[in-house]
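Participant: this one's sequence-less:
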DNA sequence: TCCTACGATGGACGGAGTCCAAGTCAAGAA
DNA sequence: TTCTTGACTTGGACTCCGTCCATCGTAGGA
């Protein structure tokens, strides 16, 4: 029913998947085929996908899945902390399945590609006390901007 | 024709304004009443406004101004480097007239207030070469997240 | 003053996301 | 196994943000 390719890496992925599905079930998620497919699509991704891309990928397995369901499910995964929402360009939000591993983003101004990166040093510490205006600073999001090798080459 | 109020503070603002208008004229801007009004609206702002807020404020002075004109003018101001485009949430872009002074943003997770802040150190340098994946990194945007004193107090 | 190319207009359009009423079904209870 | 029920899904309408385009208007140079 689900055209899951098999291969040498498959076992590990399926196990990671079960972890995610188990965590979701443990938090009281009613496990529907739609939610399972959305979770699986995200879990297999190593890039940051848009809701539309999730919908397209999910529809390959479950053609009748609706846009509203995809948005609902993504929203729930975000509020459960399993997925990060990233809006790098003011256009479509992207979803980052790598939420359990703290990281920042490197975005290509040409093609929009987003890569996870890991800067060194304490980023929050870079903001002096005098610049905090009494805020309790709890986190920081960093987006590095540039051109990927392909776009840089195309730009001459 | 232009219902510009006059008052004790008016002189200073008009001078700063003339600077901006002069810069724009020097860059070959054809000075229309619409562009003048949009530039004036932005220049008077110390907060980060949406295109819609700019339109509303501009329409007070020039009721027949169109949305397309406001977007065009904002786009030009951005590409001239006079105004920064900021998208802190995935919703409407905001425009930051403080473009001539490099800065980052501190956002309150409670009320959404955005403050300009000035972190110390070279932020781009925090990204190791090995983490750049061949990208030509040209800039960095940092958003510090936290709670402002009021929201922190309200949260207990 | 006249010309003309640049800019403004406003309405249509498109993408992203939300909302809602009606139908469906997962999973616990009996 | 078969209810039962309320959480979930559907799809279409809707909103919001922004862009496009044909047409009209006008700033500013000749």
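Facilitator: Everything's here; your move. Since this is a predicted model, take the numbers as computed values, not measurements.
Participant: From DNA strand C, how far out is the residue nearest the centre of chain A?
Facilitator: With distances taken as CA atoms, centre = their mean, residue A:96 lies nearest the centre of chain A, 0.9 Å away. Look at residue A:96 and DNA strand C: by CB to the nearest atom of the strand, to the nearest Å, they are 13 Å apart. Where you see a C-beta, it was placed from the backbone N, CA and C, and this is true even at glycine.
Participant: Next one: that residue from residue B:136, what distance?
Facilitator: 23 Å (CB to CB, to the nearest Å).
Participant: circling back to that earlier point, tell me who's in contact with the residue nearest to the centre of chain A.
Facilitator: Going by CB atoms under 8 Å, 6 or more residues apart in numbering or on different chains, residue A:96 touches A:48, A:83, A:84, A:85, A:86, A:114, A:116.
Participant: Ok, residue A:95 next?
Facilitator: With contact taken as CB under 8 Å, 6+ apart, residue A:95 is in contact with A:42, A:48-51, A:54, A:74, A:77-78, A:83-86.
Participant: 10 Å instead?
Facilitator: A:38, A:41-42, A:45, A:48-51, A:53-54, A:74, A:77-78, A:83-86 (CB atoms under 10 Å, 6 or more residues apart in numbering or on different chains).
Participant: who wins for neighbours among the contacts of residue A:96?
Facilitator: Most neighbours among the contacts of residue A:96, by other CB atoms under 10 Å in any protein chain shown: residue A:83, with 25 neighbours.
Participant: Next one, pLDDT for that residue please.
Facilitator: Model confidence at residue A:83, expressed as pLDDT, equals 91.
Participant: phi, psi of the closest residue in space to it that isn't next to it in sequence?
Facilitator: In this structure, residue A:83 finds its nearest non-sequential neighbour in residue A:77, 4.1 Å apart by CB to CB, 6 or more residues apart in numbering or on different chains. When read as degrees, to the nearest 10, the backbone of residue A:77 gives phi -60, psi -40.
Participant: so residue A:77 touches residue A:39, yeah?
Facilitator: Yes: judged on CB atoms under 10 Å, residue A:77 makes contact with residue A:39 at a distance of 7.1 Å.
Participant: so what's the residue nearest to residue A:83 up against?
Facilitator: Applying CB under 10 Å, 6+ apart, the residues near residue A:77 are A:20, A:24, A:29, A:35, A:38-39, A:42, A:83-85, A:95, A:97, A:99.
Participant: returning to that earlier point: go through the contacts of residue A:96 and name the one nearest DNA strand D.
Facilitator: Checking those against DNA strand D with CB to the nearest atom of the strand, the nearest one is residue A:83 at 15.2 Å.
Participant: Would you agree the closest one is in contact with residue A:39?
Facilitator: Yes: if you go by CB under 10 Å, residue A:83 and residue A:39 touch, sitting 9.0 Å apart.
Participant: Mutual contacts of these two, please.
Facilitator: A:20, A:73, A:74, A:76, A:77, A:97.
Participant: Are we agreed that residue A:28 is in a strand?
Facilitator: No: under DSSP: H, G, I helix; E, B strand; the rest coil, residue A:28 sits outside any strand and is assigned coil.
Participant: State the distance from it to chain B.
Facilitator: Plainly put, residue A:28 is 25 Å away from chain B if you go by CB to the nearest CB, to the nearest Å.
Participant: now residue A:129
Facilitator: Where chain B is concerned, residue A:129 sits at a distance of 11 Å (CB to the nearest CB).
Participant: Next, the contact list for that residue, please.
Facilitator: Residue A:129 neighbours (CB under 10 Å, 6+ apart): residue A:137.
Participant: ok so, going back, export the shared contacts of residue A:83 and residue A:39 as JSON lines, with columns for secondary structure and pLDDT.
Facilitator: Formatted as JSON lines, the shared contacts of residue A:83 and residue A:39 follow (DSSP: H, G, I helix; E, B strand; the rest coil; pLDDT from 0 to 100):
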{"residue": "A:20", "secondary structure": "helix", "pLDDT": "82"}
{"residue": "A:73", "secondary structure": "helix", "pLDDT": "96"}
{"residue": "A:74", "secondary structure": "helix", "pLDDT": "96"}
{"residue": "A:76", "secondary structure": "helix", "pLDDT": "94"}
{"residue": "A:77", "secondary structure": "helix", "pLDDT": "93"}
{"residue": "A:97", "secondary structure": "coil", "pLDDT": "88"}
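Participant: which one of those residues sits closest to DNA strand D?
Facilitator: When the shared contacts of residue A:83 and residue A:39 are compared against DNA strand D (criterion: CB to the nearest atom of the strand), the nearest one is residue A:73, at 5.9 Å.
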